[in-house]
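Participant: Have a look; sequence and predicted model below, questions after that.
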There are 2 protein chains.
Amino acid sequence: MPRPSKLSPERGNARTRLLEAAQDIIRSKGFAATTVDDLCKQAEVTKGAFFHHFDSKEALGVAAAEYWTETTSAFFAAAPYHLPDDPLDRVLAYVAFRRAIIVGQIAEFTCLVGTMAQEVYAISPDIREACGKSIFGHAATLEGDIRAAMQARRIQGDWTPESLARHTQAVIQGGFVLAKAGNDPDLARESLDHLDRYIRCLFNVPDEVEA
Amino acid sequence: MPRPSKLSPERGNARTRLLEAAQDIIRSKGFAATTVDDLCKQAEVTKGAFFHHFDSKEALGVAAAEYWTETTSAFFAAAPYHLPDDPLDRVLAYVAFRRAIIVGQIAEFTCLVGTMAQEVYAISPDIREACGKSIFGHAATLEGDIRAAMQARRIQGDWTPESLARHTQAVIQGGFVLAKAGNDPDLARESLDHLDRYIRCLFNVPDEVEA
DNA sequence: ATATACATACCATTTAGTTTGTATTTAGTT
DNA sequence: AACTAAATACAAACTAAATGGTATGTATAT
């Protein structure tokens, strides 16, 4: 709940500004290399404000993961890939959507919680937990469409909707790693093309002719 | 080339010990959170030795990526997945091998260069470059078998051997990210099962009945 | 004799976190 | 409606510890 003050009316409160700075900076430098001063400078607040809102840098990490979960949940809920009538079309539209939003600088389209989880999984259980909830919670939003598609097309394999949903996230995260290692966003798109082909294969759908 | 001294005959030289410590510690804490003192303590050498062998912490990062490339190259070259006569069998054996070596603690089976690339891609071009060479160099070792399998089975899709080889690495890296986020190695194995299924699908091979 | 491979002690800077102070908002009382 | 008290949301200056790196010395190998 933002509290506008007379001195800084429209710029939002310090907490939100710090969380948004965290998204930017941590995605480009990683969590450990991001200093509290970095965050304060970018958010244009002082350290007093930082430690008023967060008990520690680790607490900011947890809050940043939770904030990421909130904002991305809303973003994906409002996305157009839910529109098709056929559930399999919705699943494929999701993959196409994930591919379509790979634009701009690497730090702009990669995943905060994937980056943080990989980095701090062993040293901060709290941050790891918050990142895990974010990733697996998002994966779970795909299960319904996958299950409905399986039933509609009478598909029965030795895999589950839950498993395929998680796999989509693994491919997305892995694509980000390759894009970073090769400094080329196309590497992330490429893996989503393979994922699209895999899902069509699982559901016996012929590949679409690509434009 | 280890240089045995009279004081420490069999323990290997400081450089190698530092590079091996780097593999362990960076895979569990990440590069930025790993301090020079951490490395020296684990390697049982002093800071003087560290900065004798490496100009900076960043230089150690580059050397660690290169050392990783050397040791893993030898490891995979000697692995049994090259044995099958049929090239597709070799590709599938590779995936099975990657699955089989997911054992023990997460930091023990995950990838140093994937972790480092994700973390430092924006702040250290040298480390990123070394990590990229490692990942894409390893991917390239799969291209021959994939290409041979395509020819042997007269497969022609809108994908290339290079692309599929990279995709295998994306799935592996993504599996590691999920395993870390969920604190469960099974998550990494699960994605390799999907990758196996995908490759069989691309080559029109029926799924094997799982044990 | 010289270069290599370390060890020891030290240093400047950076870093997360603290202390203290103050403007603004909210709640309670009259 | 006016006043007060307490809580909130910051700002500024400071601190102790950690960190990457250096300066210097020494044993070993060539």
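Facilitator: That came in fine, so what should we check first?
Participant: Let me know the distance separating residue A:191 from chain B.
Facilitator: 4 Å (CB to the nearest CB, to the nearest Å). Bear in mind the C-beta positions are built from the backbone N, C-alpha and C, glycine included.
Participant: do residue A:75 as well
Facilitator: Applying CB to the nearest CB, one obtains 19 Å for the distance of residue A:75 from chain B.
Participant: who's in contact with the helix or strand harbouring that residue?
Facilitator: According to DSSP states H and E, residue A:75 maps onto helix A:57-77. Contacts to helix A:57-77, defined as CB atoms under 8 Å, 6 or more residues apart in numbering or on different chains, come from residues A:18-19, A:22-23, A:26, A:31, A:36, A:39, A:50, A:54, A:112-113, A:116, A:120, A:124, A:126-127, A:130-131, A:133-134, A:137-138, A:141.
Participant: ok, 6 Å please
Facilitator: If you take CB atoms under 6 Å, 6 or more residues apart in numbering or on different chains as the criterion, helix A:57-77 is touched by A:19, A:22, A:31, A:36, A:54, A:112-113, A:124, A:126-127, A:130-131, A:134.
Participant: What of stretch A:98-115?
Facilitator: For stretch A:98-115, with CB under 6 Å, 6+ apart as the criterion, the contacting residues are A:23, A:27-28, A:65, A:68, A:131, A:134-135, A:172-173, A:176, A:179-180, A:185, A:188-189, A:192, B:118, B:177.
Participant: Of those, which qualify as buried by neighbour count?
Facilitator: With neighbours counted by 16 or more other CB atoms under 10 Å in any protein chain shown, the contacts of stretch A:98-115 contain buried members at A:23, A:27-28, A:65, A:68, A:131, A:134-135, A:172-173, A:176, A:179-180, A:185, A:188, A:192, B:118, B:177.
Participant: Show me the residues you listed that map onto strands.
Facilitator: Among those, no member falls in strands (criterion: DSSP state E).
Participant: could you give the angle of the one helix or strand residue A:116 maps to to helix B:112-120?
Facilitator: With elements delineated by DSSP H and E, residue A:116 resides in helix A:112-120, which encompasses its position. In this structure, helix A:112-120 runs at an angle of 120 degrees to helix B:112-120, with axes from the mean of the first three to the mean of the last three CA atoms, to 10 degrees as the basis.
Participant: can helix A:112-120 be found next to DNA strand D?
Facilitator: No - looking at helix A:112-120 against DNA strand D by CB under 7 Å from any atom of the strand, there are no contacts, and the closest approach is 14.2 Å.
Participant: now the angle between helix A:57-77 and that helix, please.
Facilitator: 150 degrees.
Participant: Can you show me the CA trace of helix A:112-120 as CSV?
Facilitator: Output of helix A:112-120 as CSV, limited to C-alpha atoms (Å, rounded to 0.1, in the frame of the first residue of the first chain):
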residue,chain,number,x,y,z
LEU,A,112,14.8,-13.4,-11.7
VAL,A,113,13.9,-16.4,-9.7
GLY,A,114,15.7,-18.9,-11.9
THR,A,115,18.9,-16.8,-11.7
MET,A,116,18.6,-16.4,-7.9
ALA,A,117,17.8,-20.1,-7.3
GLN,A,118,20.8,-21.2,-9.2
GLU,A,119,23.0,-18.9,-7.3
VAL,A,120,21.9,-19.1,-3.7
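Participant: pLDDT below threshold where in chain A?
Facilitator: Segments of chain A classed as low confidence (criterion: pLDDT under 70) are A:1-12, A:208-211.
Participant: Could you report the distance from the residue most central in space within it to residue B:179?
Facilitator: With distances taken as CA atoms, centre = their mean, the residue of chain A nearest its centroid is residue A:111 (4.3 Å). Using CB to CB, to the nearest Å, residue A:111 is found at 15 Å from residue B:179.
Participant: Now do the same contact list for residue A:79.
Facilitator: residue A:97.
Participant: Longest helix in chain A, by number of residues?
Facilitator: Ranked by residue count, the top helix of chain A under DSSP state H comes out as helix A:125-152.
Participant: what about it, near DNA strand C?
Facilitator: No - for helix A:125-152, no contact with DNA strand C is found by CB under 7 Å from any atom of the strand; the gap never falls below 12.5 Å.
Participant: Give the buried residues for the host helix or strand of residue A:99.
Facilitator: Assessed by DSSP H and E, residue A:99 sits inside helix A:87-100. Of all the residues in helix A:87-100, those buried under the rule 16+ other CB under 10 Å are A:87-99.
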